[in-house]
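Peer 1: what follows is a predicted protein model with its sequence.
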Amino acid sequence: MPSTQCSNDEIYSWLAGYLAADGTVDVHNGQVTLSSAKKDDLLYIRVLCRKIGMGTYDVTEYRRKGLGKTDTPIYTMTFMKSDIDSMFLLRNSHRANFNRHAQCKHQARRWRVVAVEATGRVEPVYCADVQGFHNFIIEGDIVTHNCQYGDTRQKPTDIWTNHPDPKFLPPCKPGSPCHEAAPRGSRTGTQGRDGHVNRSLIPEKLCEHIVDICEEYINKE
């Protein structure tokens, strides 16, 4: 397999050849899949795919009965169709199956937390802060993010001040990934909160930030 230090073109070409030799494109839905008896191989290929901007789903394990009498594992990995151009598929049969179902009705890329439940476990937790972008990828190619000040709503965080260096984080904008979508009339965002007091609450972390920069300025004086 190519090294992660190889160019994107080299990785792309190698992957196209590997798919032609050992991949499948489902005749019913056009899904592009790789299978292997070695899970580590597919996990490494996922790393290569990330490098060239090609999304994949989790590696899945199935059981099969091969030449022997006992079941053995086989691992599969499916590619995100929206990241694949039909010319990437070298075999005519693969390309025909792909083109027959080229339009994706749904391409899951983002996940939304719908519930948080108590587990009884007590363990350290950490918050990764990615400066400038506030989002990162975790296991399973799930894109997650840091809200600038720990709130799920779009909210004003650009405050007028005469502080010489307030160090405020960029204000939220419509469509930013740091808050939940709240179209007009929905029950999400600020409009989904009951009462004017709850709707006007300033994020706690923003309050703490204001206190910190004020104390820092006073101490300098």
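Peer 2: Received, thanks.

Peer 1: buried residues, the one helix or strand K205 maps to. List them.
Peer 2: For K205, the host element (DSSP states H and E) is helix 204-220. Within helix 204-220, the residues that qualify as buried are L206, H209, I210, I213, counting by 16 or more other Cβ atoms under 10 Å. Placement of C-beta: from N, CA and C, glycine included.

Peer 1: redo those as CSV? Include pLDDT and distance to S3.
Peer 2: Below are the buried residues of helix 204-220 laid out as CSV (pLDDT from 0 to 100; distance: Cβ to Cβ, whole Å):
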residue, pLDDT, distance to S3
L206, 79, 45
H209, 84, 43
I210, 83, 48
I213, 84, 46
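
Peer 1: A strand includes D41, no?
Peer 2: No - counting by DSSP: H, G, I helix; E, B strand; the rest coil, D41 is not found in a strand; it is helix.

Peer 1: any stretches of the chain with poor pLDDT?
Peer 2: Per-residue confidence for the chain (pLDDT under 70) gives these ranges: 66, 68, 102-113, 127-136, 139-161, 171-178, 196-197, 199-200, 221.

Peer 1: so what are the sheet partners of the longest strand along it and their directions?
Peer 2: As assigned by DSSP state E, the longest strand anywhere in the chain is strand 71-78. The pairing partners recorded for strand 71-78 under DSSP bridges are strand 32-36 (antiparallel), strand 60-65 (antiparallel).

Peer 1: my guess is E117 is in a helix, correct?
Peer 2: No - assessed with three-state DSSP, E117 is coil; it does not lie in a helix.

Peer 1: mind listing what it touches?
Peer 2: Not one residue lies near E117 by Cβ atoms under 8 Å, 6 or more residues apart in numbering.

Peer 1: next one: it from T190, what distance?
Peer 2: 26 Å (Cβ to Cβ, to the nearest Å).

Peer 1: can you check K39 too?
Peer 2: Applying Cβ to Cβ, the value for K39 to T190 is 45 Å.

Peer 1: picking that back up, among the strands paired with strand 71-78, which is the most enclosed?
Peer 2: Comparing the strands paired with strand 71-78 on average neighbours per residue, with mean count of other Cβ atoms under 10 Å, the densest one is strand 32-36 at a mean of 18.

Peer 1: can I get it in CSV, CA atoms only?
Peer 2: Presented in CSV, the C-alpha positions along strand 32-36 are these (Å, rounded to 0.1, in the frame of the first residue of the first chain):
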residue,chain,number,x,y,z
VAL,A,32,-18.9,1.3,-3.8
THR,A,33,-17.5,-1.2,-1.4
LEU,A,34,-14.1,-2.8,-0.5
SER,A,35,-13.9,-6.1,1.3
SER,A,36,-10.9,-7.8,3.0
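
Peer 1: what does the host helix or strand of Y18 contact?
Peer 2: Under the criterion of DSSP H and E, Y18 resides in helix 8-22. The contact list for helix 8-22 (Cβ under 8 Å, 6+ apart) reads 1-2, 6, 32, 34-36, 45, 48-49, 51-52, 54, 88-91, 94.
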